[in-house]
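Student: When you get a sec, could you give me coordinates for this:
(one chain, ligands or ions: 2)
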Amino acid sequence: MSRYPHLLSPLDLGFTTLPNRVLMGSMHVGLEEAERGFERMAAFYAERARGGVGLIVTGGIAPNDEGRPYEGGAKLTTEAEAGQHRVITDAVHREGGRIAMQILHFGRYAYHQDLVAPSPLQAPISPFPPRELTDAEVERTIDDYARAARLARQAGYDGVEIMGSEGYLINEFIAAQTNHRSDRWGGSYENRMRFPVEIVRRVREAVGEDFIIVYRLSMLDLVPGGSTLDEVITLAKAVEAAGATIINTGIGWHEARIPTIATSVPRGAYTWVTKRLMGEVSVPLVTTNRINTPELAEELLAGGSADMVSMARPMLADPDFVAKAAAGKPEAINTCIGCNQACLDHTFSGKITSCLVNPRACHETELTLSPTRLRKRVAVVGAGPAGMACAVSAAERGHDVTLFDAAGEIGGQLNVARKVPGKQEFDETLRYFRHQLDWQGVDVRLNTWVSAEDLAAYDEVVVATGVSPRTPDIPGIDHPSVVGYLDVLRDGAPVGDRVAVLGAGGIGFDVAEFLTDGGDKASEDPATYFRQWGVDMDYTGPGGLAAPERPAPPRTVHLLQRKTTKVGAGLGKTTGWIHRTELKHRGVTMVPGVRYDRIDDAGLHVTVGEESTVLPVDTIVLCTGQEPRRDLYEALLAAGHSAHLIGGADVAAELDAKRAIKQGTELAASL
Ligand SMILES: Cc1cc2nc3c(=O)[nH]c(=O)nc-3n(C[C@H](O)[C@H](O)[C@H](O)COP(=O)(O)O)c2cc1C
Ligand code: SF4
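Tutor: Ligands and ions are numbered 1, 2, ... in the order given. The predicted structure follows:
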């Protein structure tokens with residue numbers, strides 16, 4: 001009997017049956033506009049189809065020019081464009097998969113000059129003011145959706161998803177705050193929802209009965225003036241009546257100031273929203289966001305939260321998620337840790353999406369781990385992210401790999417990161433690597449120091465010896481009030497009530513969050529999390545908002561940096577605001593442009609601009625960068641051996657697990 005009977009049970013849609021309850025959530029990955037993008041997308045989606053996903057949804061494709069994300073963004077408006085998609089649909093079907101194309105009109109979130117909206121109201125997160133659509137243009141836009149759906153069918157897709165959430169055009173029609181029209185598309189709720197309902201109706205007309213139409217419904221807007229639960233239910237019923245086959249969940253507009261997918265969001269936190277709609281419609285409902293294990297997915301389905309689960313980023317992290325669950329091997333799954341560092345951050349920086357824990361994601365045709373023709377003896381020294389990734393990938397290719405580490409456990413700096421509240425997902429990465437090292441037969445030797453001579457017999461030596469914290473040159477740095485970040489995060493050094501954290505990079509933020517955490521495990525408990533961020537789980541008002549309630553922080557923390565740039569400027573593009581907001585809520589003062597003058601019994605003496613002052617702190621935590629550890633590498637070179645240097649030992653500017661895992665995997669691919 002399967003461990004996941006609900007997750008793996010088929011779903012009968014009448015004209016077709018999905019093999020299981022896993023929908024791969026839509027992700028625009030940047031390949032849509034890239035050179036050889038269709039070929040690369042074909043490989044990307046085909047791997048996920050082979051891995052057993054029940055229904056794949058592609059990233060958003062615009063139905064017309066104005067709806068594109070930016071100048072040159074992907075659209076589907078002509079038969080010639082439809083022809084380009086064939087390679088994707090053929091590849092997925094060859095693997096026995098099913099794929100629907102998402103139609104996404106960016107509305108006022110578009111990043112170009114000709115953006116449109118129901119009303120000429122600029123989005124708070126956009127530099128461009130939109131133009132108001134005329135009545136005739138609204139009609140034409142609806143027809144454009146229908147044309148895109150017809151062309152998608154022609155291109156071989158099994159369905160379309162109509163993107164009606166996250167604050168894009170459809171949402172902008174539905175919400176009174178973005179729709180100030182007085183014609184039949186504005187005013188009453190019935191008028192405001194006419195646009196999406198009409199889209200579904202005309203799409204159904206265009207594609208016939210035996211074609212999947214998923215409607216992605218904004219079930220919780222998280223913005224002032226957003227929909228109420230009653231309105232959401234009304235729209236769901238209307239969308240069903242208009243011809244939707246499946247209703248998917250969308251959470252939060254992009255301009256919402258409440259995190260919806262970050263790693264600090266508890267797993268499955270938003271699934272209660274979908275559950276509120278269960279029983280109100282008869283089409284299958286899909287729930288979403290931060291569902292990253294088969295156990296949780298099964299629990300949600302068994303508990304009646306939804307009929308299907310959407311997993312987007314987990315399918316970047318592991319294309320074989322479903323197959324591994326079906327084989328009863330959940331421990332083999334490479335779990336999405338919700339970091340956004342290589343997926344959403346890349347998307348918003350104009351880079352091709354990938355995945356921190358799986359650098360092959362969206363690079364399937366370039367980063368291949370093909371079996372080696374020449375089995376070599378490979379030594380990898382250092383079992384941090386770079387070393388583990390290299391060892392596992394080299395062994396996967398057939399090399400004979402030994403992994404050494406002086407510590408008593410694998411993981412390197414991941415063991416430090418996992419101590420930060422909200423970053424416990426790194427435990428999954430450690431579990432995954434532990435499993436892979438064992439599965440691939442890597443000879444792991446812990447508590448083992450190796451010298452250059454010890455390594456002489458290996459064909460390839462990879463040095464991944466990591467970093468040591470840097471100690472800045474400040475008078476009084478030896479004062480007993482000074483500790484390092486490892487002392488605090490790893491070794492539990494005592495910390496006073498008043499603290500200065502020196503260095504506001506990723507580690508400085510981690511330490512500040514660690515020291516101001518109230519111990520309430522908000523990142524594991526949705527009710528606590530939502531209370532702190534101001535989400536109303538009773539969903540009584542518009543947008544599901546409530547006043548945030550924050551506990552008093554356990555101590556006073558100053559987070560300081562020498563650089564004059566905004567504190568946190570170097571954090572992730574899509575997550576930096578969350579960390580800054582979190583610390584602001586906890587009363588942390590964040591100060592850039594600080595000169596550290598000296599440390600003594602009075603505290604930390606600093607100068608900011610022209611002003612010198614003393615911060616009367618009990619503890620000073622150094623988060624002032626790292627030095628690469630290259631002793632072994634240099635000894636190898638001195639002894640005339642060649643070696644490869646990767647990870648923090650190579651570039652130690654800031655601890656960077658994304659870069660380390662990518663570099664380790666790429667090196668293994670070339671050995
Ligand atoms: C790189 C990336 C691109 C995305 N692009 C889209 C998109 O084009 N359309 C869409 O509806 N959602 C998009 N999303 C949101 C996902 O569909 C999903 O709602 C979100 O990632 C949360 O689900 P997860 O925790 O399973 O990843 C994107 C997410 C990511 C990470
Ligand atoms: S980069 Fe991080 S959030 Fe994105 S898919 Fe990979 S593990 Fe998940």
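
Student: next one: stretch 49-57 to chain centre, how far?
Tutor: 19 Å (CA atoms, centre = their mean, to the nearest Å).

Student: any bit of the biggest helix by length in the chain sitting next to ligand 1?
Tutor: The residue-count maximum for a helix in the chain (DSSP state H) belongs to helix 135-154. No: judged by CB under 6 Å from any ligand atom, helix 135-154 stays clear of ligand 1, getting no closer than 13.9 Å. For the C-beta atoms, the positions are set from N, CA and C on the backbone; glycine is no exception.

Student: The helix or strand just after that helix: partners in the sheet, and parallel or antiparallel?
Tutor: Using DSSP states H and E, the helix or strand that directly follows helix 135-154 along the chain is strand 159-164. Sheet pairing of strand 159-164 (DSSP bridges) gives strand 99-103 (parallel), strand 212-220 (parallel).

Student: Export these to JSON lines and append columns for distance to ligand 1 and mean pLDDT.
Tutor: JSON lines is the format used below for the strands paired with strand 159-164 (distance: least, CB to the nearest ligand atom, whole Å; pLDDT from 0 to 100):
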{"stretch": "strand 99-103", "distance to ligand 1": "6", "mean pLDDT": "98"}
{"stretch": "strand 212-220", "distance to ligand 1": "6", "mean pLDDT": "98"}
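
Student: rewinding a little: what angle do strand 212-220 and the longest helix of the chain make with each other?
Tutor: 130 degrees (axes from the mean of the first three to the mean of the last three CA atoms, to 10 degrees).

Student: export the strands paired with strand 159-164 to TSV and tack on mean neighbour count?
Tutor: Listed next are the strands paired with strand 159-164 as TSV, based on neighbours: other CB atoms under 10 Å:
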stretch	mean neighbour count
strand 99-103	27
strand 212-220	27
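
Student: Could I get these in a markdown table, plus columns for distance to Leu571?
Tutor: As requested, these are exported to a markdown table (distance: least, CB to CB, whole Å):
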| stretch | distance to Leu571 |
| --- | --- |
| strand 99-103 | 29 |
| strand 212-220 | 26 |
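
Student: For Arg50, which of those is the nearest?
Tutor: With CB to CB as the measure, strand 99-103 is the member of those nearest Arg50 (12.6 Å).

Student: Extract the C-alpha trace of the closest one and format it as PDB.
Tutor: Below are the C-alpha coordinates for strand 99-103, written out as PDB (Å, rounded to 0.1, in the frame of the first residue of the first chain):
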ATOM      1  CA  ILE A  99       0.900  20.200 -19.800                       C
ATOM      2  CA  ALA A 100      -1.200  23.300 -19.700                       C
ATOM      3  CA  MET A 101       0.000  26.700 -20.800                       C
ATOM      4  CA  GLN A 102      -0.600  29.600 -18.500                       C
ATOM      5  CA  ILE A 103      -2.100  32.800 -20.000                       C
END
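
Student: for Val200, helix, strand, or coil?
Tutor: helix (DSSP: H, G, I helix; E, B strand; the rest coil).

Student: check contacts around it.
Tutor: Ile162, Ile213, Tyr215, Val239, Ala242, Gly243, Ala244 (CB atoms under 8 Å, 6 or more residues apart in numbering).

Student: Quick check: the gap between it and Ile246.
Tutor: 12 Å (CB to CB, to the nearest Å).

Student: how near is Arg204 to Ile125?
Tutor: 33 Å.

Student: which one of these two has more residues nearby?
Tutor: Arg204 (18 against 12; other CB atoms under 10 Å).

Student: who's in contact with the more buried one?
Tutor: By CB under 8 Å, 6+ apart, the neighbours of Arg204 are Ile213, Ala242, Gly243.

Student: do Ile213 as well
Tutor: Contacts of Ile213 by CB under 8 Å, 6+ apart are 149, 159-162, 200, 203-204, 207, 243-246.

Student: so which of these comes closest to ligand 1?
Tutor: The nearest member of these to ligand 1, counting by CB to the nearest ligand atom, is Glu161 at 7.3 Å.

Student: Spit out the contact partners of the closest one.
Tutor: Glu161 makes contact with Ser26, Val57, Ala100, Met101, Gln102, Ile103, Ile213, Val214, Tyr215, Arg216, Asn248, according to CB under 8 Å, 6+ apart.

Student: Which residues of the chain lie near ligand 1?
Tutor: So far as CB under 6 Å from any ligand atom goes, the chain lies against ligand 1 at 25-28, 59-60, 102, 104, 163, 216, 261, 288-291, 310-314, 343-344, 347, 353.

Student: ok, 8 Å please
Tutor: Contacts of the chain with ligand 1, taken as CB under 8 Å from any ligand atom, map to 25-29, 57, 59-60, 102, 104, 161, 163, 165-166, 216, 250-251, 260-261, 288-292, 310-316, 336, 338, 340, 343-344, 346-347, 353.

Student: Of those, which belong to strands?
Tutor: Using DSSP state E, the subset of the residues of the chain next to ligand 1 located in strands is Val57, Gly59, Gly60, Gln102, Glu161, Met163, Arg216, Gly250, Ile251, Ser310, Met311.

Student: Can you tell me which of those is closest to ligand 1?
Tutor: Nearest to ligand 1 among these, with distances taken as CB to the nearest ligand atom, is Gly60, at 3.3 Å.

Student: Tell me the bridge partners for that closest one.
Tutor: The partner residues for Gly60, given DSSP bridges, come to Gln102.

Student: What score does the residue of the stretch 351-500 of the chain found nearest ligand 2 have for pLDDT?
Tutor: Residue nearest to ligand 2 within the stretch 351-500 of the chain (CB to the nearest ligand atom): Cys355, separated by 3.3 Å. Note on Cys355: pLDDT of 98.

Student: Can I take it that Pro5 is in a helix?
Tutor: No: Pro5 is assigned coil when assessed by three-state DSSP, not a helix.

Student: OK, contacts around it?
Tutor: Glu298.

Student: And for Leu55?
Tutor: With CB under 8 Å, 6+ apart, Leu55 has these contacts: Leu18, Val22, Leu23, Met24, Arg98, Ile99, Ala100, Asp158, Gly159, Ile212, Val214, Met308.

Student: just those residues now: which is nearest ligand 2?
Tutor: Closest to ligand 2, out of all of the contacts of Leu55 and judged by CB to the nearest ligand atom, is Met24, at 12.0 Å.

Student: what about the closest one, how many neighbours?
Tutor: 28.

Student: Let me know whether Glu627 touches Gly466 as I believe.
Tutor: No: with contact defined as CB atoms under 8 Å, Glu627 does not reach Gly466; the gap is 10.2 Å.

Student: which one of the two has more residues nearby?
Tutor: Gly466 (26 against 13).

Student: my read: the more buried one touches Val651, true?
Tutor: No: contact criterion CB under 8 Å: Gly466 and Val651 do not qualify, at 11.5 Å.

Student: what's the overlap in contacts for those two?
Tutor: In contact with both Gly466 and Val651: Pro628, using CB under 8 Å, 6+ apart.

Student: What segments of the stretch 251-400 of the chain are strands?
Tutor: Remark: strands assigned in the stretch 251-400 of the chain by DSSP state E, counting those that start in this stretch are 285-287, 308-311, 377-381, 400-404.
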